[in-house]
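K.L.:
okay, sequence plus prediction incoming.
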Amino acid sequence: MTALVPRPSAELSTDRHDPRDDWPDEARTLANHLTAIYGDQDPLPTIAGGWIARQKSRHTRRAYVRTFKTWEEYARGTGVHPFTAKRMLAEAYSKRIAKTPTRLGKLPEDTTVAQALSAASSFYGYAIDVEATDYDPFAKVPRPDIDPDYSPTEGMTEAETMRLIETARDWAPRSYALVTVLYLLGPRIDEVLSLDVTQLGYDRGHRTLPLTLKGNKRKAVPVPPLALDALLAYLGGRTDGPLFTTETGRRWTQPEVWKHLRVLARRAGIPQAASIKPHTLRHQFITDNLANGVPLQDVQDAVSHTDPRTTQRYNRRRRQLDNHPAYALAAKLAGRLQREETGR
């Protein structure tokens, strides 16, 4: 067999490709941030960036970046490198985040604390897999006990939902389009804000939007006429760019949407206006559809829950409030008090 001999002109390229250039933006940004602190000889920036890069959804990547930065800053503030941290420091960090108020001035929910600890442990699990360390300081840190039926999202009544939608309609076309899309389709806010105008499609008589779900899965959902009319009125013939933009044409961001929804909620007189968020409308999509008799499986499929118990949790919380025995007991007591007043 004749050996292959390279031609004299065939030389190996001296150009080297950095694999980190193929990482998502969130991973590169975190790696650069850590390199500025630890230098390019420390393995932490590359390991942390690689861990973020392997997360499938942008929502997860962003959440993990935020929680990791909080842990890294805490460890560094005590003079400890994250790769030399021990369980006692991780437990102290757990107590710190549990008592640190959120932007709203409230203590974080148990679910928030549990997610932060889980994210930190996920980082160390990845670091162990790639042989950057052999120890996870968060492995045995106690997690808060989470009630499977509990949801921190505060629901609205049908009348409150209508007031919010009417306020959005009277405020601006963009506001009305956003609120109707969130309420009538039930998506997560990051799924909506990542869309471009060109993705408004058509499939067998339905106008559709392709939502990118958890795990980077895609699913086309129908846009009902009311939401479609609001969306087209807002776009005003625009055929490119982000679906939802600022006045300057920049893609609308989640913090900006949260702030805008709370402005609308205050104008609509919603009692919990200060804490309303995009997920509130997803919550309403689920509970209102179940209350209207839509089968649980259909609602579960619409919101892409893998477990029907997750969908049912929203409905169970509503029933726990609506049917709470405190109301029956109070009504009976009120009747007795009224009879006593009448008899005097």
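P.N.:
Everything's here; your move.
K.L.:
rest of the way, CA atoms for contacts and neighbours
P.N.:
Fine.
K.L.:
tell me how many other residues crowd the spatially closest residue to Arg262 that is not a sequence neighbour.
P.N.:
With CA to CA, 6 or more residues apart in numbering as the criterion, Arg262 has its nearest non-adjacent residue at 5.4 Å, and that residue is Ala273. Ala273 is flanked by 16 other residues according to other CA atoms under 10 Å.
K.L.:
quick check: Ala273 touching Ala265?
P.N.:
Yes - if you go by CA atoms under 8 Å, Ala273 and Ala265 touch, sitting 4.9 Å apart.
K.L.:
how near is the residue nearest to Arg262 to Leu337?
P.N.:
35 Å (CA to CA, to the nearest Å).
K.L.:
next: Val197.
P.N.:
61 Å.
K.L.:
one more: Ser122?
P.N.:
58 Å.
K.L.:
ok, the two, which is more surrounded?
P.N.:
Shown here are Ser122 and Leu337; by other CA under 10 Å, Ser122 has more neighbours (17 against 12).
K.L.:
so where does that one fall, helix or strand?
P.N.:
helix 110-129 (DSSP states H and E).
K.L.:
need the helix or strand of this structure with the lowest average pLDDT.
P.N.:
helix 308-322 (a mean of 68; mean pLDDT, DSSP states H and E).
K.L.:
can you pull out the low-pLDDT segments for the stretch 51-200 of the chain?
P.N.:
104, 147-153 (pLDDT under 70).
K.L.:
go on, the stretch 201-344 of the chain?
P.N.:
Checking the stretch 201-344 of the chain against pLDDT under 70 turns up 214-216, 315-325, 327, 329, 341, 343-344.
K.L.:
what ranges do the helices span in it?
P.N.:
225-235, 254-268, 278-291, 296-303, 308-322, 325-343 (DSSP state H, counting those that start in this stretch).
K.L.:
so which of the ones you listed is nearest Glu154?
P.N.:
Closest to Glu154 of the helices of the stretch 201-344 of the chain is helix 278-291 (CA to CA; 6.6 Å).
K.L.:
what sits up against the closest one?
P.N.:
153-156, 158, 179, 182-189, 257-258, 261, 296, 299, 303, 311, 314-315, 318 (CA atoms under 8 Å, 6 or more residues apart in numbering).
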